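Peer 1: Just need the structure, nothing else, for what follows:
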Amino acid sequence: MPATVQEFKQELQSLPAPQRAELAHFLIESLDDEHDLDAEAAWDKEIEFRLTEIQSGKAQGIPAEEVFAKIREKYSGSP
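Peer 2: Numbering: from 1, shown residues only. You can find the predicted model right below:
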């Protein structure tokens with residue numbers, strides 16, 4: 001007789017965090033059986049474009065600290 005979801009939860013909760021994370025990743029990935037090859041190709045093209053822009057000096061990155069500070073300010077109303 002197969003175990004119930006609740007039984008799985010109780011048993012798996014005792015695993016170390018890295019193993020639970022690996023299992024969570026596996027389960028999430030298993031929900032997405034279909035890959036949109038057109039979307040993946042479009043993202044690959046966009047990534048290549050952005051990398052070329054940065055390497056050529058046409059585009060300049062923004063430090064993560066600055067980006068996160070702007071997000072915090074926008075959503076919390078304070079700097």
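Peer 1: Where do the domain boundaries of this structure fall?
Peer 2: 1-33, 37-76 (automatic domain parsing).
Peer 1: want to throw those domains into CSV with mean neighbour count and mean pLDDT?
Peer 2: Every C-beta, even on glycine, is put in place using the N, C-alpha and C of the backbone. Listed next are the domains of the chain as CSV, based on neighbours: other CB atoms under 10 Å; pLDDT from 0 to 100:
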stretch, mean neighbour count, mean pLDDT
domain 1-33, 9, 87
domain 37-76, 10, 94
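Peer 1: before we move on, which element is Glu48 in?
Peer 2: helix 37-56 (DSSP states H and E).
Peer 1: chain center to that helix: distance?
Peer 2: Centroid separation for helix 37-56 versus its chain: 17 Å, with CA atoms, centre = their mean, to the nearest Å.
Peer 1: Which is the succeeding secondary structure element to it?
Peer 2: helix 64-76.
Peer 1: any residues touching the helix holding Glu48, and which ones?
Peer 2: Helix 37-56 is touched from outside by Ala59, Gln60, Gly61, with contacts defined as CB atoms under 8 Å, 6 or more residues apart in numbering.
Peer 1: quick one: contacts for the last one?
Peer 2: Pointing back at Gly61 there. Counting by CB under 8 Å, 6+ apart, the residues that Gly61 touches are Ile54.
Peer 1: So what does it look like in phi/psi?
Peer 2: Recorded main-chain torsions at Gly61 are phi -70, psi 160, according to degrees, to the nearest 10.
Peer 1: Please identify which helix or strand holds the residue nearest the centre of the chain.
Peer 2: The geometric centre of the chain, computed from its C-alpha atoms, lies nearest to His25 (CA atoms, centre = their mean), at 10.3 Å. Using DSSP H and E, His25 sits in helix 17-31.
Peer 1: Quote the end-to-end distance of stretch 26-44.
Peer 2: Stretch 26-44 has an end-to-end distance of 23 Å (CA to CA, to the nearest Å).
Peer 1: Other residues contacting the helix holding His25?
Peer 2: Outside helix 17-31, the residues that reach it (CB under 8 Å, 6+ apart) are Leu12, Gln13, Leu15.
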